[in-house]
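A.B. asks: got a predicted structure here, sequence first:
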Amino acid sequence: MSLRTKMFRRYLLHAAVCIALGWGSTTPASAQTPKAPPAASKKAAGRPKLVVLLVVDQFRADYVEKFRGQWSGGLKRLVEEGAWFRNVAYPYAATETCVGHATISTGAFPATHGIVSNAWWDRESRKMVTCTTDPSAKNTGYAGISVKGGDSAWRMTVPALADEMRFQGGAGTRVVTFSLKARSAIALAGHRANAVTWFDTGAGAWVTSSVYGTAPFVEEYAKAHPAKDDFGKTWTPSLPAAAYFYDEKAFGAVPPDGWGPALPHALRGKEGSTVADEYFYEQWGSSPFLDAYLGHFAEAAVDTLGLGQRGGTDFLGIGFSALDYTGHEYGPRSHEVQDMLVRLDQTLGALFTHLDKKVGRRNYVVAISSDHGVAPIPEDMQKTGADAGWLFTTDLRTRLEKAIEPFNYPKPNVAAVTGGEIYFAPGIYDRLKQDPAAMRAVMDAIRGMPGVAEVYRAEEVTDRPATMSPARRAIAAGYFAGRSGDIFFVPKPYWSFAFWSSSQPKDVGATHGSLHFYDQRVPILLMGAGIRPGEYWTPATPADIAPTLAALCGITLATRDSHVLSDALKSATPARPQQRATAPAAEANP
């Protein structure tokens with residue numbers, strides 16, 4: 001299988017399965033009230049001077065509970081000095097990267113913001129389109145490197161928080177976002193911004209779009225600090241061997257080309273290569289060196305643009321993508337995931353220290369969350385005796401074609417099967433709705449597919465009656481007419497979507513994209529200007545981040561899908577947050 005094919009399949013990953021790691025936290029013998037943070041280095045403003053929105057791709061909620069005892073930098077500071085919301089979950093089924101970032105940035109659900117997946121079947125063009133593809137835009141590579149395509153947030157139907165900050169806050173507001181992924185940097189920025197930057201691993205270039213325009217400071221930084229400078233580095237373990245919770249070699253892992261089943265991992269590209277190639281950039285995107293680069297990039301933006309140091313409130317958004325790629329390759333029960341978070345903790349610690357110095361400790365607010373969680377590797381889960389496996393969507397498509405064949409419909413009948421959604425060719429679904437026998441054959445074919453738990457037609461999720469089942473309600477929250485599929489199928493717990501045939505080699509270790517809790521549960525951590533520290537069990541969704549930050553900035557959003565997390569705001573009536581508990585000691589086998 002070619003690298004490009006593998007990367008495209010990986011790009012379309014949407015997953016499904018049930019509880020992966022368990023909670024692993026312990027009840028401490030004693031609890032203590034957190035110490036007051038050190039005095040601000042600069043005088044606090046009435047509103048934050050800088051909003052920092054961080055999204056750690058594939059950051060499951062239980063990772064905080066499991067690993068926080070091993071953190072000493074920025075993640076530790078967020079937990080100990082910030083507001084930690086522990087009862088957070090996405091309410092929809094399409095737990096994917098683009099969907100989650102759009103939800104966090106807009107405060108709306110997919111049924112409102114229109115981003116239903118990383119990619120979907122476009123009925124008008126009759127092809128798969130990514131969530132950021134813009135036929136009217138043209139991408140530009142920095143440092144003189146040529147790139148292809150065009151991307152923007154034009155498919156996102158409502159403004160992002162950053163858009164509203166620029167519109168309501170005045171021309172002084174500056175918006176800067178960075179990520180490895182276009183769908184992360186773009187969704188965080190919204191429709192207009194001062195600098196929106198992502199990385200093209202095929203070209204080895206930092207990229208922006210004609211919609212946003214090039215930024216001189218990005219050009220200078222990209223030239224002075226090319227990613228290829230990390231060629232030849234090695235990702236070594238950060239912790240003593242006994243501090244890792246799981247086996248050194250994750251069972252069922254599928255490492256990227258050039259890497260083995262266990263740390264250390266050398267960033268040397270294809271075997272025998274002496275220069276940075278596309279295999280190197282794939283390895284780099286799966287390593288903590290990417291996160292460190294993004295942290296330094298953000299610090300340079302603060303220094304060069306003076307973010308948070310002039311009038312108005314600026315916006316800095318960073319999508320840390322490395323954990324997602326590592327999680328797909330090695331799964332949640334791996335040394336790689338645990339070590340990645342230790343390294344990210346240090347990267348964030350350095351970034352916050354830099355912001356303390358440049359902006360002032362009490363003049364900026366930070367929000368951190370994730371776009372989705374991740375399922376356990378099915379083969380690993382099978383060792384426990386659980387019913388787990390891969391739901392092969394390519395095989396399902398073949399099964400559907402065979403089910404419709406006796407009814408003499410024009411072929412092909414199925415346009416696409418992506419995630420838990422089935423798109424039929426033009427006119428086929430309307431014909432099926434008028435043909436009970438054919439529709440029954442289709443529904444039976446889906447229900448008979450190994451790993452399928454429930455099946456719903458589009459008409460069953462559009463009315464949203466109060467009596468909806470949880471699964472149906474989750475699908476409805478993500479349904480957007482014209483973009484969503486014709487039929488939806490829900491995987492059984494512990495069953496993951498596989499975008500390859502059962503006759504082909506396994507493409508990834510772990511996936512996400514389901515309505516099961518291991519995919520829906522993520523943390524929300526808030527810290528800084530206007531935030532009341534504490535632990536909160538108030539039910540919340542990541543969509544609540546945008547209105548909460550908006551409230552601190554005096555901005556009003558249009559969406560009604562979310563609410564302000566007022567319990568954690570100093571200006572609101574306190575809701576008696578739970579006392580902060582000491583972090584549990586690291587366990588060898590939680």
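C.D. replies: Perfect, I can see it now. Residues are numbered from 1 along each chain as shown.
A.B. asks: how close does the residue nearest to the spatial centre of the chain get to residue 384?
C.D. replies: The residue lying closest to the centre of the chain (C-alpha atoms, centre = their mean) is residue 371, at 3.1 Å. Applying C-beta to C-beta, to the nearest Å, the value for residue 371 to residue 384 is 27 Å. For every residue, glycine as well, the C-beta is placed using N, CA and C.
A.B. asks: again with residue 374
C.D. replies: 17 Å.
A.B. asks: what of residue 342?
C.D. replies: From residue 342 to residue 384 the distance is 27 Å (C-beta to C-beta).
A.B. asks: in the top helix by length along the chain, what counts as buried?
C.D. replies: Counting by DSSP state H, the longest helix found in the chain is helix 335-358. Of the residues in helix 335-358, those buried by neighbour count under the rule 16 or more other C-beta atoms under 10 Å are 335-349, 351-352, 354-356, 358.
A.B. asks: immediately after the helix or strand harbouring residue 294, which helix or strand?
C.D. replies: Secondary structure from DSSP states H and E places residue 294 in helix 288-305. Once the chain leaves helix 288-305, the next helix or strand it forms, by DSSP H and E, is strand 314-320.
A.B. asks: find the nearest non-adjacent residue to the residue nearest to the centre of the chain, please.
C.D. replies: residue 100 (2.6 Å; C-beta to C-beta, 6 or more residues apart in numbering).
A.B. asks: the helix or strand encompassing that neighbour: what's the following helix or strand?
C.D. replies: Following DSSP H and E, one finds residue 100 within helix 97-106. Per DSSP H and E, the first helix or strand lying C-terminal to helix 97-106 is helix 110-113.
A.B. asks: mean confidence score for the longest helix of the chain?
C.D. replies: Here helix 335-358 scores 98 as its mean pLDDT.
A.B. asks: what does stretch 135-149 contact?
C.D. replies: Stretch 135-149 is contacted from outside by 133, 150-152, 154, 197, 200, 203-211, 214, 218-219, 222-223, 226, using C-beta atoms under 8 Å, 6 or more residues apart in numbering.
A.B. asks: end to end, how far does it reach?
C.D. replies: 8 Å (C-alpha to C-alpha, to the nearest Å).
A.B. asks: residue contacts, residue 307?
C.D. replies: Contacts of residue 307 (C-beta under 8 Å, 6+ apart): 50, 174, 176, 301, 314, 316, 359.
A.B. asks: you'd agree residue 208 is up against residue 195?
C.D. replies: Yes. The criterion here is C-beta atoms under 8 Å, and residue 208 meets it with residue 195 at 7.2 Å.
A.B. asks: overlap in contacts, those two.
C.D. replies: Residues touching both residue 208 and residue 195 (C-beta under 8 Å, 6+ apart) are 215, 218.
A.B. asks: higher neighbour count, these two?
C.D. replies: residue 208 (25 against 22; other C-beta atoms under 10 Å).
A.B. asks: hmm, who's touching the helix or strand hosting the more buried one?
C.D. replies: For residue 208, the host element (DSSP H and E) is strand 205-209. If you take C-beta under 8 Å, 6+ apart as the criterion, strand 205-209 is touched by 134, 137-143, 145-147, 150-152, 182, 186, 195-200, 214-215, 218, 222, 227.
A.B. asks: where helices are concerned, which of the residues you listed count?
C.D. replies: Within the contacts of strand 205-209, residues falling in helices by DSSP H are 182, 186, 218, 222.
A.B. asks: the second one - how many residues pack around it?
C.D. replies: The number of residues packed near residue 186 is 35, by other C-beta under 10 Å.
A.B. asks: same question, the first one
C.D. replies: As a burial measure, residue 182 scores 26 neighbours (other C-beta under 10 Å).
A.B. asks: just to revisit the earlier point, sec struct for the residue nearest to the centre of the chain, please.
C.D. replies: Per DSSP: H, G, I helix; E, B strand; the rest coil, the local secondary structure of residue 371 is coil.
A.B. asks: could you report the separation of it from residue 361?
C.D. replies: 28 Å.
A.B. asks: please apply the same query to residue 395.
C.D. replies: Separation of residue 395 from residue 361 (C-beta to C-beta) stands at 55 Å.
A.B. asks: for stretch 386-402, give me every contacting residue.
C.D. replies: Outside of stretch 386-402, the residues within contact range by C-beta under 8 Å, 6+ apart are 16-17, 376, 378-379, 381-382, 411-414, 417-418, 422, 442, 445-446, 448-452, 489, 491-502, 506.
A.B. asks: could you give the number of residues near the nearest residue to residue 181 once chain neighbours are set aside?
C.D. replies: Excluding the flanking residues, the one nearest residue 181 by C-beta to C-beta, 6+ apart is residue 321, at 5.1 Å. By the measure other C-beta under 10 Å, the count of residues near residue 321 is 27.
A.B. asks: just the strands in the stretch 101-250 of the chain please.
C.D. replies: 119-122, 127-130, 139-141, 175-179, 195-200, 205-209, 234-235 (DSSP state E, counting those that start in this stretch).
A.B. asks: what's the most buried one of those?
C.D. replies: Sort the strands of the stretch 101-250 of the chain by mean neighbour count, taking mean count of other C-beta atoms under 10 Å, and strand 175-179 sits at the top with a mean of 27.
A.B. asks: list the strands paired with that strand, with their directions.
C.D. replies: The strands that strand 175-179 pairs with in its sheet are strand 195-200 (parallel), strand 314-320 (parallel) (by DSSP bridges).
A.B. asks: quick one: average confidence on the first one?
C.D. replies: When the per-residue pLDDT values of strand 195-200 are averaged, the result is 98.
A.B. asks: wait, a strand at residue 365?
C.D. replies: Yes. Under three-state DSSP, residue 365 falls within a strand.
A.B. asks: which pLDDT value belongs to residue 468?
C.D. replies: Reported pLDDT for residue 468: 82.
A.B. asks: and the pLDDT at the closest residue in space to it that isn't next to it in sequence?
C.D. replies: Leaving aside its chain neighbours, residue 468 sits nearest to residue 476 (6.5 Å; criterion: C-beta to C-beta, 6+ apart). On the pLDDT scale, residue 476 is placed at 95.
A.B. asks: can you confirm residue 476 is in a strand?
C.D. replies: No. Under three-state DSSP, residue 476 falls outside any strand and is assigned helix.
A.B. asks: show me what contacts it?
C.D. replies: Neighbours of residue 476 in contact, by C-beta under 8 Å, 6+ apart: 111, 461-462, 464, 468.
A.B. asks: quick one: which of these has the most company?
C.D. replies: Going by other C-beta under 10 Å, residue 461 tops the contacts of residue 476 with 22 neighbours.
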